[in-house]
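S.K.: build me a structure from this.
(one chain, ligands or ions: 2)
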Amino acid sequence: LMISETRGELINNVSAAEAFLATYNAEASQVSNRYAEASWTYNTNITEYNQEIMLKERLAADKFSQEAAWNASGYNLTVMDATMRRQFVKIMDIGTAAQTNETKLIHLGQIESEMETIYSTAKACLAPEKCLPLDPDLTRIFTTSRDYDQLIAAWKGWRDATGPKLKNLYTEFVTLSNEAVRNLGHADLGAYWRSRYDTPEFEADVQALFDQLRPLYEHLHAHARRRLKTIYGKDKFPSSGHIPAHLLGNMWAQQWSSLVDEFVPYKGKPSLDVTPEMVHQNYTAEKIFHTADNFFQSLGMIPMPEPFWNKSMLKKPTDGRDVVCHASAWDFSNGIDFRIKQCTDITQQHLETAHHEMGHIEYYLQYKDQPLVFQKGANPGFHEAVGDVIALSVQTPEHMKSIGLLHSVSNDTETDINFLMSMALQKIAFLPFGFLIDQWRWRVFSGDTKPEQYNEHWWNLRCRYQGVSAPVERSASDFDPGAKFHIPANTPYIRYFVSFVIQFQFHKALCDKSGYIGPLHRCDIYNSTEAGTALSEMLKLGSSKPWTDEMQNLTGQAKMDAQPLMDYFKPLLEYLRKENGNDYGWDPICPDLTPTSSGRNHGSKVSSPLTTLLIS
Ligand SMILES: CC(=O)N[C@@H](CC(=O)O)C(=O)NC[C@H](CC1(C(=O)N[C@@H](Cc2ccc(O)cc2)C(=O)O)CCCC1)C(=O)O
Ligand SMILES: [Zn+2]
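M.R.: Ligands and ions are numbered 1, 2, ... in the order given. Modelled structure (predicted):
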């Protein structure tokens, strides 16, 4: 442990420990605020100067953490109550700030911000003079284009503009991060990240959840593949059963909502995509965020405070500044300043993202009076679930009609199945992607995956779990994980898989508390202060209690459970099982892309899921 044993008697005096915590909270809030401001300035105006200032503030914050951890280790934890002990333990768990060599500490910060800069300023050159950024240009190509070759150019162009520039930086980042957290006794950075879930069997739990949800995904995948073959022609699909990764309406094939009109089972029904109506009604970014704020207020929850509206960045700047467009929510640790940064487009997907980001802000507001170390989600998945739970109500046809974005809502079975399909393209499609990112990263951190295997292991997981394949040849000099924000930005990802499961548990609990009777997928808790009170009570706790206690209080059980998600989508799964029969699943091995192979891709017969499970 970094905290060496060479020190005198431990302090046994509880009031001295309380005084230490009071001082820590005041000072740590200041340090967090300074770092958040510098980080915000850099994220909303990427310049060398702003990067330098941010890195100076990061170093100061790391040094503050080191000193606070050292001082905290001088207190005898056995004489404290559970809450005080919990605070001391969290003050000492300082992550990569535990790097005692200052040169390496500075270097780690430089590498992390260099990777984020490369990603955020990257442009894909589809033609020599035509280089496009991800937001909004490449994203728009994936949501609107159905041109196979144009999609390949955007898909390959983005990966060429990011991966190769990041691969070596990432290798260095892994080495330095592992070295730092080992000072705290963690095996590697992955072990440190998993420790935030406080349950030793966390890895097994998420694997079990994924295995339970695979049939749902495999049936949706089969439906998508069948529909895509009618659009692009059967010959564009490998005989292994995979879907080429650039055809699913998203740069990473992680959510397929852009294809809702092509994928809905019953095409004659009114479209469920409210984007055209938002544009028709001249929606602005502000209106999108006021719509979200209104929902939280309808539940009796805390409205967005004045500084939110004055200091957020809700649109991509038009003055030529480089910004990190990837949406994010910010807590300035002073109880009054909370912001969102989003390059908002007027689309349904951005309406959902606005609710997601505002869910973070609501959590910040609810726990702002907790001791600083408790101003966190009960676990990272909780933080990701808040906004999505609200969005589950907002997206119902009833709610969309009530805010004037849908005109006709009929309750016939076809409309119901179409609606469930639109939700599945957002929630079920995501599951293997949400699962596999950190499966890949945990093995990289543990050393099981070597740098020369980065891309091969990435595609093994993409082919096996997501059933997508690379549309063009990949090599070890590519670094396709680097084409996804959270890898260069070093943001853990299993939190989203956890969130996509528990948000349905929370949704069910809140619907019950609101007195709603009926199918879970049509529940809208709008205006229910009973639901709002129950949710607020959980959010106020922050990370002051184990997440299992908080889950128990709200939902009546203390574990992650995929049953509410399965219940929500039950009618759709029945429809898909009937439609697919036995024609679903794919070969867990990636199709052979080498140009020498005959036109059609090899790969064994499309396996049944059983084979997949046996091979995995
Ligand atoms: C200062 C800071 O970093 N703050 C944290 C919040 C905190 O930790 O306090 C933060 O703002 N993180 C940014 C991140 C942004 C988004 C994201 O990255 N989403 C995932 C997966 C996904 C996709 C669809 C969906 O409905 C839900 C999740 C992706 O896009 O792949 C982009 C769109 C939505 C959320 C976020 O908000 O989680
Ligand atoms: Zn989030």
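S.K.: now the residue positioned nearest the centre of the chain, nearest residue through space, not along the chain?
M.R.: Closest to where the C-alpha atoms of the chain average out (Cα atoms, centre = their mean) is residue 496, at 4.3 Å. Nearest residue to residue 496, sequence neighbours excluded (Cβ to Cβ, 6 or more residues apart in numbering): residue 434, at 4.5 Å. To be clear about C-beta, it is placed using only N, CA and C from the backbone, and glycine gets the same treatment.
S.K.: before we move on, what about residue 462?
M.R.: residue 468 (5.5 Å).
S.K.: could you tell me which residues of the protein lie near ligand 1?
M.R.: Taking Cβ under 6 Å from any ligand atom as the contact definition, the chain meets ligand 1 at 254, 326-330, 352-353, 356-357, 360, 383-384, 388, 496.
S.K.: what about residue 588, neighbour count?
M.R.: 23 (other Cβ atoms under 10 Å).
S.K.: secondary structure class for it?
M.R.: What DSSP: H, G, I helix; E, B strand; the rest coil gives for residue 588 is coil.
S.K.: could you pull out the buried residues of stretch 23-31?
M.R.: Across stretch 23-31, burial judged by 16 or more other Cβ atoms under 10 Å covers 24, 25, 28, 29, 31.
S.K.: can I get these in CSV including pLDDT?
M.R.: Output for these, formatted as CSV (pLDDT from 0 to 100):
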residue, pLDDT
24, 98
25, 98
28, 98
29, 98
31, 98
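S.K.: tell me who's in contact with the residue nearest to the centre of the chain.
M.R.: Residues in contact with residue 496 (Cβ atoms under 8 Å, 6 or more residues apart in numbering) are 381, 384, 430, 434.
S.K.: from these, which is closest to residue 550?
M.R.: Nearest to residue 550, judged by Cβ to Cβ, of those is residue 381 at 11.5 Å.
S.K.: check which residues of stretch 366-375 are buried.
M.R.: Result for stretch 366-375 [16+ other Cβ under 10 Å]: buried residues 366, 367, 368, 370, 371, 372, 373, 374, 375.
S.K.: what does stretch 31-48 give?
M.R.: Taking 16+ other Cβ under 10 Å as the criterion, stretch 31-48 shows 31-32, 34-46 as buried.
S.K.: repeat for stretch 397-408
M.R.: Neighbour counts over stretch 397-408 (16+ other Cβ under 10 Å) mark 397, 399, 400, 405, 406 as buried.
S.K.: check contacts around the one residue in the stretch 201-350 of the chain that gets nearest to ligand 1.
M.R.: Of all residues in the stretch 201-350 of the chain, residue 328 sits closest to ligand 1, at 3.3 Å by Cβ to the nearest ligand atom. Residue 328 makes contacts with 43, 340, 341, 342, 357, as judged by Cβ under 8 Å, 6+ apart.
S.K.: all strands for the protein, in order.
M.R.: Taking DSSP state E, the strands of the chain run over residues 123-127, 130-133, 243-244, 328-331, 338-341, 468-469.
S.K.: helices or strands up against the first one?
M.R.: Packed against strand 123-127, as judged by 3 or more Cβ pairs under 8 Å, 6 or more residues apart in numbering; DSSP states H and E, are the following elements: strand 130-133, helix 148-182.
S.K.: now do the longest one: which elements does it pack against?
M.R.: In this case it means helix 148-182. Checking 3+ Cβ pairs under 8 Å, 6+ apart, helix 148-182 ends up next to helix 102-121, strand 123-127, helix 139-144, helix 189-195, helix 430-446, helix 454-461.
S.K.: how about a markdown table for the ones you listed, with mean pLDDT and mean neighbour count added?
M.R.: Listed next are these as a markdown table, based on pLDDT from 0 to 100; neighbours: other Cβ atoms under 10 Å:
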| stretch | mean pLDDT | mean neighbour count |
| --- | --- | --- |
| helix 102-121 | 96 | 18 |
| strand 123-127 | 94 | 16 |
| helix 139-144 | 96 | 18 |
| helix 189-195 | 98 | 21 |
| helix 430-446 | 98 | 22 |
| helix 454-461 | 98 | 20 |
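S.K.: find me the pLDDT at the residue in the stretch 451-600 of the chain positioned nearest to ligand 1, would you?
M.R.: The stretch 451-600 of the chain approaches ligand 1 most closely through residue 496 (4.4 Å), counting by Cβ to the nearest ligand atom. Listed pLDDT for residue 496 reads 98.
S.K.: do residue 544 as well
M.R.: pLDDT at residue 544 comes out at 98.
S.K.: from ligand 1, how far off is the residue nearest to it when sequence neighbours are not counted?
M.R.: Of all residues not flanking residue 544 in the chain, residue 374 sits nearest, at 4.1 Å (Cβ to Cβ, 6+ apart). Separation of residue 374 from ligand 1 (Cβ to the nearest ligand atom, to the nearest Å): 14 Å.
S.K.: next: residue 191.
M.R.: Taking Cβ to the nearest ligand atom, one finds residue 191 at 20 Å from ligand 1.
S.K.: what sits against that residue?
M.R.: Here residue 191 is in contact with 181, 445, 446 (Cβ under 8 Å, 6+ apart).
S.K.: I figured the first one was touching residue 194, is that so?
M.R.: So that's residue 181. No - with contact defined as Cβ atoms under 8 Å, residue 181 and residue 194 do not form a contacting pair (11.6 Å).
S.K.: shaky segments in the stretch 251-400 of the chain?
M.R.: Within the stretch 251-400 of the chain, no stretch has pLDDT under 70.
S.K.: now the helices for it?
M.R.: All helices of the stretch 251-400 of the chain, identified by DSSP state H, counting those that start in this stretch, fall at 260-263, 275-280, 285-298, 306-311, 348-366, 380-394, 397-402.
S.K.: what of the stretch 401-550 of the chain?
M.R.: With helices called from DSSP H, counting those that start in this stretch, the stretch 401-550 of the chain shows them at 413-427, 430-446, 454-461, 494-513, 529-540, 547-555.
S.K.: list the buried ones in the longest one?
M.R.: Read it as helix 494-513. Buried-residue list, helix 494-513, by 16+ other Cβ under 10 Å: 494-513.
S.K.: pretty sure residue 480 is touching residue 163, no?
M.R.: Yes - look at residue 480 against residue 163 with Cβ under 8 Å: they come within range, at 5.7 Å.
S.K.: name the residue in those two with the higher neighbour count.
M.R.: residue 163 (24 against 20).
S.K.: wait, the more buried one sits on residue 484?
M.R.: No - contact between residue 163 and residue 484 fails when scored by Cβ under 8 Å: they sit 10.0 Å apart.
S.K.: and residue 25, how far is that from ligand 1?
M.R.: Taking Cβ to the nearest ligand atom, one finds residue 25 at 19 Å from ligand 1.
S.K.: contacts only, for that residue.
M.R.: 371, 372.
S.K.: okay, it and residue 53: tell me how far apart.
M.R.: According to Cβ to Cβ, to the nearest Å, residue 25 stands 25 Å off from residue 53.
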